[in-house]
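*Asks:* Fold the following.
(chains A and B)
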Protein chains: 2
Amino acid sequence: MPSPKLYFEDFHIGRIFALGPKTVSADEIVEFATEFDPQPMHLSEAAGKASILGGLSASGWHTSSMFMRMMIDSYLLASVSEGAPGIDAMEWRKPVLAGDTLKGRSTVEAARPMRSRPHIGIVTFNHELENQRGEIVLRSRNSIMFRRRDAENAA
Amino acid sequence: MPSPKLYFEDFHIGRIFALGPKTVSADEIVEFATEFDPQPMHLSEAAGKASILGGLSASGWHTSSMFMRMMIDSYLLASVSEGAPGIDAMEWRKPVLAGDTLKGRSTVEAARPMRSRPHIGIVTFNHELENQRGEIVLRSRNSIMFRRRDAENAA
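*Replies:* Numbers count the residues shown, from 1 in each chain, chains lettered A, B, ... in the order given. Alright, predicted model coming up:
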């Protein structure tokens, strides 16, 4: 028996989904940066220490990608998601350094049926990730489309 | 003799920097998705064809990361960039499918000295990537900090 899926109706306003934890290794930071963001502070501890970031630090895009994986593991893969058209905002507020452990939460801010596609609903989330010192490192807001259970039952 | 670096003053309003081209392989799509966004349409051609995306398609975060690499290769690594605090908006407007070739441009929309750090200037860009059919696949806007040549010469 398959486990029940998360539908639009399950994302009620104020509901919180936990993200992480995920510890970031130096190897992961360097591997991502080598392919996508080869700036010195993302490639070596020495260059990171010499920069304003204070140590080998993850590319913001790497942090965002790890954040995506945490959403996948927390609720997206268990849902009837139809994808996201983008992100409204993404703030990288603090450096993510090698050895940091990230965790956070996605909070449902709004939910509304889609006018043009009545079997789909749009859920707007506020997302936050913090490090092991409780400092917010990432803050983001975006909307994700989910199928509606009501519409499916009616079909 | 090192090549001259790009400073804040070089990012005048209206200046355009070319991005790409970059052809996206099926292996790259699957490799990124396996680590960061393991949803079926990013993992196999069959699941992609069965989805509304129409084929094996890159995670939006993968497209964004490739876009970062294009900025690096076009102007960021040749500049005195001090990093970016985030992104104002990111739209994934069309699927990026295996075999697609992406190119685009970063256009300077605004440039202003930073009040709190007079040796730094903030440049706001509009970014666009399109596929080989001329369809816009990604649109984004963000601000990047650069050191000021004037401040450096005065120091």
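
*Asks:* wait, what's in contact with the spatially closest residue to residue A:63 that is not a sequence neighbour?
*Replies:* Leaving aside its chain neighbours, residue A:63 sits nearest to residue A:96 (5.0 Å; criterion: CB to CB, 6 or more residues apart in numbering or on different chains). Using the backbone N, CA and C atoms, a C-beta is placed for each residue, glycine as well. By CB atoms under 8 Å, 6 or more residues apart in numbering or on different chains, the residues touching residue A:96 are A:24, A:57, A:58, A:62, A:63, A:102, A:131, A:137.

*Asks:* In these, find the pair that's most separated.
*Replies:* Distance extremes for the contacts of residue A:96: the farthest pair is A:62 and A:131 at 14.4 Å, using CB to CB.

*Asks:* can you give me the strands in chain A?
*Replies:* Applying DSSP state E to chain A gives strands spanning A:16-23, A:86-87, A:89-92, A:101-113, A:120-130, A:136-147.

*Asks:* Out of those, which is closest to residue B:75?
*Replies:* strand A:89-92 (19.8 Å).

*Asks:* So what touches that closest one?
*Replies:* Residues contacting strand A:89-92 (CB under 8 Å, 6+ apart): A:60, A:63-64, A:137-141, B:84-90.

*Asks:* Please repeat the previous calculation with a cut-off of 6 Å.
*Replies:* A:60, A:139, A:140, A:141, B:86, B:87 (CB atoms under 6 Å, 6 or more residues apart in numbering or on different chains).

*Asks:* coming back round to it: so residue A:62 and residue A:131 - more neighbours on which side?
*Replies:* residue A:62 (25 against 20; other CB atoms under 10 Å in any protein chain shown).

*Asks:* circling back to that earlier point, got JSON lines for the contacts of strand A:89-92, with pLDDT, distance to residue A:80 and neighbour count too?
*Replies:* Shown next, in JSON lines, are those (pLDDT from 0 to 100; distance: CB to CB, whole Å; neighbours: other CB atoms under 10 Å in any protein chain shown):
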{"residue": "A:60", "pLDDT": "97", "distance to residue A:80": "30", "neighbour count": "24"}
{"residue": "A:139", "pLDDT": "98", "distance to residue A:80": "27", "neighbour count": "17"}
{"residue": "A:140", "pLDDT": "97", "distance to residue A:80": "22", "neighbour count": "22"}
{"residue": "A:141", "pLDDT": "97", "distance to residue A:80": "22", "neighbour count": "14"}
{"residue": "B:86", "pLDDT": "93", "distance to residue A:80": "30", "neighbour count": "16"}
{"residue": "B:87", "pLDDT": "94", "distance to residue A:80": "28", "neighbour count": "23"}
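
*Asks:* Can you lay out the residues you listed as JSON lines showing distance to residue B:114?
*Replies:* Listed next are the contacts of strand A:89-92 as JSON lines, based on distance: CB to CB, whole Å:
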{"residue": "A:60", "distance to residue B:114": "19"}
{"residue": "A:139", "distance to residue B:114": "21"}
{"residue": "A:140", "distance to residue B:114": "24"}
{"residue": "A:141", "distance to residue B:114": "25"}
{"residue": "B:86", "distance to residue B:114": "16"}
{"residue": "B:87", "distance to residue B:114": "18"}
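
*Asks:* Greatest separation within those: which pair is it?
*Replies:* Largest pairwise distance in the contacts of strand A:89-92, by CB to CB, is 15.8 Å, between A:60 and A:141.

*Asks:* Could you list the low-confidence segments of chain A?
*Replies:* A:1-3, A:153-155 (pLDDT under 70).

*Asks:* State the distance from residue A:139 to residue B:103.
*Replies:* 31 Å (CB to CB, to the nearest Å).

*Asks:* wait, doesn't residue A:20 sit right on residue A:100?
*Replies:* No: if you go by CB atoms under 6 Å, residue A:20 and residue A:100 don't touch, sitting 10.9 Å apart.

*Asks:* If you count surrounding residues, which of these two has more?
*Replies:* Between residue A:20 and residue A:100, residue A:100 has the larger neighbour count (other CB under 10 Å), namely 23 against 18.

*Asks:* Could you pull up the residues touching the more buried one?
*Replies:* Contacts of residue A:100 (CB under 6 Å, 6+ apart): A:24, A:131.

*Asks:* how does it look with 8 Å?
*Replies:* Going by CB under 8 Å, 6+ apart, the list of residues near residue A:100 reads A:23, A:24, A:131, A:132, A:137.

*Asks:* For chain A, what lies in contact range of chain B?
*Replies:* With CB under 8 Å from any CB of the partner chain as the criterion, chain A meets chain B at residues A:32, A:35-39, A:52-53, A:59-62, A:64-66, A:68-69, A:72, A:76-77, A:81-93.
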